[in-house]
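# What would the 3D arrangement of this be:
(chains A, B and C)
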Amino acid sequence: MGKDVVADLKRDYISKLLAKGQRVDGRRFDEMRPLTIETNFIGSAEGSARVKLGNTDVVVGVKLIAGEPFPDTPNTGVLTTNAELIPMASDTFESGPPDQESIEVARVIDRGIREGHAVDMTKLCMVPGKEVWIMFVDVHVLDYDGNLFDAANIGANAAFKGTIVPAKRAGKGEDYPLPVLHQPISITAVKIDGKILVDPTHDEERVADARLTAATIENGNLCAMQKGLNGAFTMEEVFKVVEISRKIGAEVRSKL
Amino acid sequence: MQSSDSKESVREVVVPGELLAISSKKAGVGTYSEGGKIFASQLGIKTVRPDSISVVPLAGQYIPVRGDLVVGKIVDVGASNWLVDINSPYPSPLHVNEVPWRVEFGETRKFMTVGDIVLLMIVGVDETKRIQVSMQEHGLRKLTGGMVMEISPSKVPRVIGKNGSMIQMLKNMTSCRIYVGQNGRIWIDGELDSIVRAVHAIKMIEDEAHSQGLTEKVKELLERSSGTGA
Amino acid sequence: MGGTPTDLKLIDENGRRLDGRRPDEMRPLKIEAGVLKRADGSAYVEWGLNKVMAAVYGPRECHPRHMQNPERALVQCHYNMASFSVDDRKRPGPDRRSHEISKIISEALTHVVFTEYFPRTSIDVYIEVLQANAGTRCAGLTAASVALADAGVPMRDIVASCAAGKVADTVVLDLGKEEDNFGQADIPVGYVPRTGEIVLLQMDGDLTQEEFDKGLHMAVEACKKISDLQRDALKRRYSARTQDTDIGSTERSEAV
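Coordinates of the predicted model:
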């Protein structure tokens, strides 16, 4: 019998507390959980980070492998993002090929990195039209308590900072640091009983009506957004989430 | 490792495979015997009694035992029974014969439905671990209102305390009704603020179950939080 | 086992290996128990440059149901390597090697777990290799055993695991990556310290009877030391002393 039986049982409790302006773990509505970041955690990767956001624990590995560019961008490196929601992290994750959840997580993180121009992909070209660096961003979830979007996004940004392009191994000169341009930080909020809560725990995600992730860069511009779950947001609520994302995104960025 | 303070007894944490004694005493919970020796089978606290040696487990699934009080949730409804999740590897059917009402075949949904929280007793466990639960004993019923939290079943004895001392203190200091299921599920009802205080206290007990001075720490926590009404 | 590059000295004039170890020396090993929140039990192992995480869920209802054993629990191990765990990025998902390793580890653990206490259930063991440097199946089994104990699964003993091998015609303990790639034999062993039983054994390469004898003994001696580290990791988790009066008894008590 899954642990999720209890998550359902908590719905009422969460609602009653929200009505009094409280969250189960005592946080404010616009407060993130404690965040710890460890970089260069994995030696076999070109860059890596381990992020703990509350009880959510993820490892992000960056691997750079020589490969062919896409035909329409012959002088640009290729970014590909993957997320493994392994059963170790939660009894709600199943073995097997990536399901819709893990695919959505991977694509949203990818969008933040790509549209936020985290990395200057033009500097990842080795032989124009023939050989470029394929940058694999692999997210591995170890322990799950909600909000993979932000934990993985923060992990990717942290990993990029310390990533070294292994040019020497490819016989293309000296190794060099990954050309990082921006740090697009995503902040996710859920809506429960009409209230907006930032950085949801697993229990909060389970009872949420709707979820919104917004990624911003240093100058405050938006670069990626994703709304999830079956409920809806009003326009005011959308703007509110974006504003919170900008503010908290800047705070998180300063911790990188 | 032995304390020189006579009031305090150092409890030994043992691991599977560890030799506990060479003895003909009974091999109790968390142990097994082989060739006249008793070994630990689980991670836990070594407990020596006059006639047995056992290990109080520090972790593990809830394994139902006849006579246990449990807090369950209805997860499915059949024509002549309800399926109850009791936080155990074994699903438990609650048969229409085991409830205080007269239920006609097919009428089960009129009495209880998926999502209902129930207070039950384990009335039977056979060799293949098939479980029988009942709602017929005095005090057993559907629980409405309140909230349910879950802790590791191995920590339940700590929440109850010796002779119920800990649970009594929790109830007195929060004025909540609290039912602690042996299966690690705890139902709490009362003023919302009091429920929150009880939840925090129980979480502290779970986190620090093995440390000393726990009763005092819990008492302090409850005293501190009562003033703020948080 | 490939041919050794001519400039690679697996054993030097002083009998020292590439990383300075003597033939009978193990790489540094660190074990930590109870590192994940959601899993029922967990353990993290750093062994040389290996980084391995193990998590246990169960005993729990067995899925798929047709695999249930009416008399015993099924111990199902899932060994997986993260894509960033090796220099040449590995495609996500289990390959044939992972399946084989999962099987032999399941079998090793099944021997010590009191499976008869939990008929019709499954005990799921997840092993994730975050960084690989030879000997990951031994590190995985070592971690998995600790995770099982951490989860409170009743067992006869905690299985320890280590490999021996042969490089440059010398029998050595605990092969590193280059030794595994360019050596002459590899013998992973899984050992039950209390009874002296061997529950995992593989061998590939070229060994005389004397060499195999020496290697197996070496691995077994190492397993005994590893066993001490495993026990220590579990006890460290609960190192605070416990007071007599506060301990609940094993007798069930009413709680109404």
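# Any residue of stretch A:113-131 touching chain C?
No: figure legend: stretch A:113-131 not in contact with chain C (CB under 8 Å from any CB of the partner chain); closest approach 15.4 Å. All C-beta spots, glycine's among them, are computed from the backbone N, C-alpha and C.
# taking the mean pLDDT, what do you get for that stretch?
In this model, stretch A:113-131 carries a mean pLDDT of 95.
# Please work out the average pLDDT along stretch A:227-243.
The model assigns stretch A:227-243 a mean pLDDT of 94.
# And that stretch, how far out from the chain middle?
Centroid separation between stretch A:227-243 and its chain, computed with CA atoms, centre = their mean, to the nearest Å, is 18 Å.
# can you give me the helices in the stretch 151-256 of chain C?
For the stretch 151-256 of chain C, applying DSSP state H, counting those that start in this stretch gives helices covering C:177-182, C:209-237.
# Same check on the stretch 51-200 of chain A?
Under DSSP H, counting those that start in this stretch, the stretch 51-200 of chain A gives helices at A:100-115, A:148-161.
# on contacts alone, who are the packing partners of the last one?
The criterion is 3 or more CB pairs under 8 Å, 6 or more residues apart in numbering or on different chains; DSSP states H and E, and the helices and strands that helix A:148-161 contacts are strand A:35-39, strand A:47-53, strand A:56-67, strand A:78-84, helix A:100-115, strand A:131-143, strand A:185-192, strand A:210-216.
# Next, the angle strand A:185-192 makes with the fifth one.
Per axes from the mean of the first three to the mean of the last three CA atoms, to 10 degrees, the angle that helix A:100-115 makes with strand A:185-192 is 140 degrees.
# Quick check: buried residues in helix A:100-115?
A:102, A:104, A:105, A:106, A:108, A:109, A:110, A:111, A:112, A:113, A:114, A:115 (16 or more other CB atoms under 10 Å in any protein chain shown).
# Just send the helices of the stretch 151-256 of chain C back as CSV, with distance to residue B:73, mean pLDDT and mean neighbour count too.
Output for the helices of the stretch 151-256 of chain C, formatted as CSV (distance: least, CB to CB, whole Å; pLDDT from 0 to 100; neighbours: other CB atoms under 10 Å in any protein chain shown):
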stretch, distance to residue B:73, mean pLDDT, mean neighbour count
helix C:177-182, 50, 94, 18
helix C:209-237, 31, 96, 18
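# out of those, which comes closest to chain A?
helix C:177-182 (9.8 Å; CB to the nearest CB).
# mean pLDDT lowest for which of the helices of the stretch 51-200 of chain A?
helix A:100-115 - the lowest mean pLDDT of the helices of the stretch 51-200 of chain A, at a mean of 93.
# Run through who's touching that helix.
A:79-85, A:98, A:118-119, A:137, A:139, A:148-149, A:152-153, A:156, A:184-186, A:213, A:215, A:223-224, A:226, A:228 (CB atoms under 8 Å, 6 or more residues apart in numbering or on different chains).
# tell me how far the ends of stretch A:86-94 are from each other?
End-to-end span of stretch A:86-94 (CA to CA, to the nearest Å): 7 Å.
# In that stretch, which residues are buried?
Buried residues in stretch A:86-94 (16+ other CB under 10 Å): A:86, A:87, A:88, A:89, A:90, A:91, A:92, A:93.
# ditto for stretch C:102-119
Applying 16+ other CB under 10 Å to stretch C:102-119 flags C:102, C:104-106, C:108-115, C:118-119 as buried.
# Touching, residue A:124 and residue A:163? I think so.
No: if you go by CB atoms under 8 Å, residue A:124 and residue A:163 don't touch, sitting 11.0 Å apart.
# any shared contact partners between those two?
residue A:64.
# who's more crowded, these two?
residue A:163 (26 against 21; other CB atoms under 10 Å in any protein chain shown).
# Got phi/psi on whichever residue of chain B sits closest to chain A?
Among all residues of chain B, residue B:147 sits closest to chain A, at 3.9 Å; criterion: CB to the nearest CB. The phi/psi pair for residue B:147 (degrees, to the nearest 10) reads phi -140, psi 160.
# now it, which residues is it bridged with?
Counting by DSSP bridges, residue B:147 is bridged to residue B:188.
# Check the contact between it and residue B:187; I expect there is one.
Yes: using CB under 8 Å, residue B:147 makes contact with residue B:187 at a distance of 7.5 Å.
# which one of these two has more residues nearby?
Neighbour count, other CB under 10 Å: between residue B:147 and residue B:187, residue B:147 has more, with 24 against 21.
# Give me the pLDDT value at the more buried one.
At residue B:147, pLDDT is 91.
# and it, what is it in contact with?
A:9, A:10, A:12, A:13, B:187, B:188, B:189, B:195, B:199.
# Kindly state the beta-bridge partners for the residue in the stretch 1-150 of chain A that chain C sits nearest to.
For the stretch 1-150 of chain A and chain C, the shortest gap (CB to the nearest CB) falls at residue A:61, measuring 2.7 Å. Beta-bridge partners recorded for residue A:61 (DSSP bridges): residue A:48, residue A:138.
# Could you pull up the residues touching it?
Residue A:61 neighbours (CB under 8 Å, 6+ apart): A:42, A:45, A:47-48, A:136-138, A:140, A:159, C:82-85.
# Tell me which residues are up against stretch B:191-206.
Stretch B:191-206 is contacted by residues A:13, A:16-17, A:20, A:22, B:146-147, B:149, B:151-152, B:155, B:158-159, B:166, B:170, B:173-176, B:178, B:186, B:188-190, B:214, B:217-218, B:221-222, B:225-226, B:229-230 when judged by CB under 8 Å, 6+ apart.
# So which of the residues you listed are in helices?
A:13, A:16-17, B:158-159, B:166, B:170, B:173-174, B:214, B:217-218, B:221-222, B:225-226 (DSSP state H).
# Among the residues you listed, name the buried ones.
By 16+ other CB under 10 Å, the ones in helices among the contacts of stretch B:191-206 give A:13, A:17, B:158-159, B:166, B:170, B:173-174, B:214, B:218, B:221-222, B:225 as buried.
# Now look at stretch C:16-32 and say if it contacts chain A.
No: taking CB under 8 Å from any CB as the criterion, stretch C:16-32 and chain A are apart, separated by no less than 13.0 Å.
# Need the distance between the two termini of that stretch.
30 Å.
# buried sites along that stretch?
C:17, C:18, C:21, C:23, C:26, C:27, C:29, C:31, C:32.
# how far away is the residue nearest to the first one when sequence neighbours are not counted from residue C:166?
In other words, residue C:17. Leaving aside its sequence neighbours, residue C:17 sits nearest to residue C:11 (CB to CB, 6 or more residues apart in numbering or on different chains; 6.0 Å). Using CB to CB, to the nearest Å, residue C:11 is found at 10 Å from residue C:166.
# Would you mind listing what in the stretch 51-200 of chain C touches chain B?
C:58-61, C:70-71, C:112, C:114, C:117-121, C:149-158, C:192-194.
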